[in-house]
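Peer 1: below are the sequence and a predicted model for it; my questions follow.
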Amino acid sequence: MPRCANLYDICDPVLRGASGPVGEPGRNLQLLYRRVAGHPLLKNLVLKGCRQPLIDRERLARFQDMMRAALYATPEQWRDGAWIEATFRPLAELLDTLEIPRWQIRREVPRRGDTPSQADVRTIIESCLRDIRRVWRRDRRDPWFPVAAQIVLSGDDHMDGESLMSVLRGVGSYEYQNITVLFALIRCFLMATPRKLRLIRRPYRGISEPMSGSFAWIWHRIAFSDVNFFEHLLVLLASGRAGDSGRKQLVGILENLLRYCVITSREWLVTPNRGTRHPAVTCLPKDSAGRPLCRLSAGAWRKKRELGFGDYVPDTDTTFLTLAMARKWLDWAARQELPLDRELLGECEAILDHPWVEIIQEYQVGGGYDSNSPTIRVTRPLDYDGAVPIWFDKPFRKPDGSLIRETVGNEICPGHNMDILDSILVNRKQWRALEGANLEFSRRLLDFHHRAFVSGNFRAETAHMYYLPEIYTYYLGRLYQTWKTLEPSERLALDPGGRIEEMRGIAAEYCRNELVSASLNAFDAALAVSALVLLEYRPRDDGTIAAGVGVLRDSLGEGRGGHPYKAYEWNRMRHPTRILVGSGVSTSLFVLRACCEAERYLFGGHSGTGAESRGKRGYRDSAAYSPRT
């Protein structure tokens with residue numbers, strides 16, 4: 001053996017040469033090792049040649065002992081924080097030695113003189129619309145917008161030893177713990193071998209990462225994607241750009257997306273303290289026979305369980321996004337004379353008819369309860385007080401009889417919390433969100449966001465679990481538009497100190513000085529344009545918004561497979577490794593929304609008619625953003 005070890009020097013003698021009876025956690029570890037590290041192409045072309053200089057002959061035994069302990073671990077040991085700390089300390093220390101390459105290429109970009117015209121914006125809109133309609137028509141029996149997940153074996157750039165320990169201690173699934181250990185170990189070898197690392201990941205222009213290697217993507221349909229796409233297309237509908245011919249088709253797509261969220265993806269839970277029964281929206285719904293309703297293939301469904309995602313909990317973000325869109329659809333429908341899906345409208349009314357602020361109060365950090373606090377703390381340096389963790393409370397009974405509440409752990413992501421606050425304000429009248437204890441909850445949640453912005457922590461990628469800072473800023477823009485619909489007395493009750501305006505100013509400065517002033521790709525530009533318009537950036541004609549639109553214009557045609565743009569990292573998971581989520585059509589939807597917003601804000605909008613027209617009436621009259629109050 002060479003002086004420096006590779007992954008197989010550590011794991012093969014242990015995992016392939018077990019000398020005693022192995023329990024279920026160990027059998028899962030062996031299976032994962034065979035499936036991941038044993039893949040012929042990955043093993044022979046990449047991992048076998050990756051050697052870690054800090055694991056020489058003398059240190060090899062220490063890592064073999066670590067994997068041996070994992071192989072023979074019991075479920076009880078995996079729930080013992082002290083055992084985890086002692087067993088995986090060598091791996092945590094090794095992670096802390098890694099040097100992180102600079103993946104994002106961001107160079108200062110001088111302002112150009114060729115400002116995009118309204119014709120340029122309309123060309124982009126029409127290109128995205130053709131892509132969206134083409135993709136939707138592919139499956140006439142069951143149309144959908146596909147989204148893919150891509151594993152990046154080099155892992156999360158910020159997964160240091162402290163974060164590793166936090167994840168291992170914070171999750172309740174030994175499958176998830178096994179794959180976290182295995183991926184972290186692979187990361188240590190890849191990052192130490194730059195020549196092999198280039199086969200896995202390369203630097204890229206901008207902030208969000210382009211997705212590559214589509215042959216290995218895992219395609220799926222989830223409510224989180226659909227509810228975001230619903231909002232983008234609702235903006236299109238409100239713009240009047242669909243025209244009379246496309247309006248009927250667009251309404252049908254919107255109803256399909258919302259039905260998938262409100263009905264197909266709904267399940268019932270009980271709150272952990274008051275025992276309130278309520279619906280929630282899950283990202284991986286199943287039918288009564290346990291078959292997936294999320295368009296995952298049989299093989300992908302099996303892999304999901306093997307990786308520790310077999311037990312899946314509804315998340316607060318998707319649920320509250322759905323609640324916001326349900327309200328906006330009801331408000332839009334009330335002004336129409338169209339044959340709409342009455343069952344769907346009834347389901348929207350029903351899902352809103354729950355005490356949602358009281359429900360989510362039971363999860364607030366630092367609130368009246370401490371039954372569902374975050375178990376994983378990798379979103380640093382955020383102050384979590386006032387925030388809400390990602391997952392609802394949903395216990396699972398494991399084969400050994402134990403009750404596991406934190407199957408995949410629970411953590412804080414600021415983007416999720418911005419969606420929750422926005423939804424609460426959209427539905428504030430029905431939910432009495434600005435009264436009594438509900439008002440105190442809303443203030444504490446606003447305080448959480450305010451601290452994230454005034455401290456500058458929102459700029460740090462480490463502060464975000466599923467998003468990048470630019471998406472959080474875009475979400476603030478959406479919140480700002482909702483804020484504008486509040487009556488003066490409501491604004492005074494929630495925010496007497498003017499924190500939202502202060503956050504708006506910080507976010508606009510970030511967009512101007514840090515986003516559009518340096519290299520962006522198309523997805524970054526779409527987010528920057530949407531954020532700037534929603535934040536009502538001024539002066540609107542100083543070239544800041546136009547710079548983002550210029551990137552969209554210049555990038556048009558970069559996509560493959562008929563898409564006008566590439567697939568980019570829209571959202572991600574930072575553990576058990578780095579998992580990117582996006583698709584070509586999702587980029588089209590984000591760009592479509594950005595350009596609809598930009599056309600209205602820069603050029604006065606499209607000359608639509610009736611309730612759908614924004615024209616020069618102003619943003620607050622938009623059907624897509626003005627909840628019925």
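Peer 2: Done, it's in.

Peer 1: for residue 569, which residues are in contact?
Peer 2: By C-beta atoms under 8 Å, 6 or more residues apart in numbering, the contact list for residue 569 reads 208, 209, 210, 211, 468, 523, 580, 581, 582. To be clear about C-beta, it is placed using only N, CA and C from the backbone, and glycine gets the same treatment.

Peer 1: mind running it again at 6 Å?
Peer 2: Residues counted as contacts of residue 569 (C-beta atoms under 6 Å, 6 or more residues apart in numbering) are 208, 209, 580, 582.

Peer 1: next, count neighbours for the second one.
Peer 2: By other C-beta atoms under 10 Å, 23 other residues sit near residue 209.

Peer 1: quick check: it vs residue 578, distance?
Peer 2: 9 Å (C-beta to C-beta, to the nearest Å).

Peer 1: that older thread, can you redo the contacts of residue 569 as JSON lines with pLDDT and distance to residue 90?
Peer 2: As requested, those are arranged in JSON lines below (pLDDT from 0 to 100; distance: C-beta to C-beta, whole Å):
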{"residue": "208", "pLDDT": "98", "distance to residue 90": "34"}
{"residue": "209", "pLDDT": "97", "distance to residue 90": "30"}
{"residue": "580", "pLDDT": "96", "distance to residue 90": "29"}
{"residue": "582", "pLDDT": "98", "distance to residue 90": "35"}
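
Peer 1: kindly indicate which of those lies nearest residue 561.
Peer 2: residue 582 (13.9 Å; C-beta to C-beta).

Peer 1: is that closest one bridged to anything, and to what?
Peer 2: Residue 582 has these beta-bridge partners by DSSP bridges: residue 148.

Peer 1: quick one: it from residue 141, how far?
Peer 2: Distance, residue 582 to residue 141, by C-beta to C-beta: 25 Å.

Peer 1: tell me which of these two has more neighbours.
Peer 2: Comparing residue 582 with residue 141 by other C-beta under 10 Å, the one with more neighbours is residue 582, at 26 against 4.

Peer 1: run through who's touching the helix or strand encompassing residue 134.
Peer 2: Following DSSP states H and E, one finds residue 134 within helix 118-137. For helix 118-137, the external contacting residues (C-beta under 6 Å, 6+ apart) are 143, 552-553, 556, 563-564, 585, 588, 591-592, 595, 598-599, 603.

Peer 1: quick check on the residues you listed: which are buried?
Peer 2: For the contacts of helix 118-137, a burial check counting by 16 or more other C-beta atoms under 10 Å picks out 552, 553, 556, 563, 564, 585, 588, 591, 592, 595, 598, 599.

Peer 1: burial of residue 554, as a residue count?
Peer 2: Applying other C-beta under 10 Å, I find that residue 554 has 15 neighbouring residues.

Peer 1: pLDDT at it, what is it?
Peer 2: In this model, residue 554 is scored at 97, pLDDT.

Peer 1: can you classify it as helix, strand or coil?
Peer 2: What DSSP: H, G, I helix; E, B strand; the rest coil gives for residue 554 is helix.

Peer 1: now it: how far from residue 548?
Peer 2: Going from residue 554 to residue 548 by C-beta to C-beta gives 11 Å.

Peer 1: report the mean confidence score over the strand or helix carrying residue 505.
Peer 2: Per DSSP H and E: residue 505 is located in helix 499-510. Averaging pLDDT along helix 499-510 yields 98.

Peer 1: repeat that for stretch 94-109.
Peer 2: Here the average pLDDT along stretch 94-109 is 96.

Peer 1: same deal with stretch 594-606?
Peer 2: According to the model, stretch 594-606 has a mean pLDDT of 89.

Peer 1: so residue 300 sits in a strand?
Peer 2: No. Residue 300 is assigned helix when assessed by three-state DSSP, not a strand.

Peer 1: tell me how far it lies from residue 569.
Peer 2: Residue 300 is 20 Å from residue 569, where distance means C-beta to C-beta.

Peer 1: now do the strands in the stretch 51-200 of the chain.
Peer 2: 51-52, 104-105, 147-152 (DSSP state E, counting those that start in this stretch).

Peer 1: so where's the stretch 501-629 of the chain uncertain?
Peer 2: Residues of the stretch 501-629 of the chain that meet the criterion pLDDT under 70 lie in 605-629.

Peer 1: at 90 what do you get?
Peer 2: Scanning the stretch 501-629 of the chain for pLDDT under 90 picks out 604-629.

Peer 1: same question, the stretch 1-150 of the chain
Peer 2: Where the stretch 1-150 of the chain drops to pLDDT under 90, the residues are 1-3, 17-21, 57-58, 110-115.

Peer 1: check which residues of the helix holding residue 134 are buried.
Peer 2: Buried residues in helix 118-137, defined by neighbour count with 16+ other C-beta under 10 Å: 120, 121, 123, 124, 125, 127, 128, 129, 131, 132, 135, 136.

Peer 1: gap between the fifth one and residue 563?
Peer 2: Right, the one you point to is residue 125. Plainly put, residue 125 is 15 Å away from residue 563 if you go by C-beta to C-beta.

Peer 1: cool, the first one as well?
Peer 2: When C-beta to C-beta is the yardstick, residue 120 and residue 563 sit 19 Å from each other.

Peer 1: now the strands for the stretch 201-350 of the chain?
Peer 2: 204-205, 218-220, 266-270, 277-281.

Peer 1: for the ones you listed, which one sits closest to residue 149?
Peer 2: Nearest to residue 149, of all those, is strand 218-220, at 4.5 Å by C-beta to C-beta.
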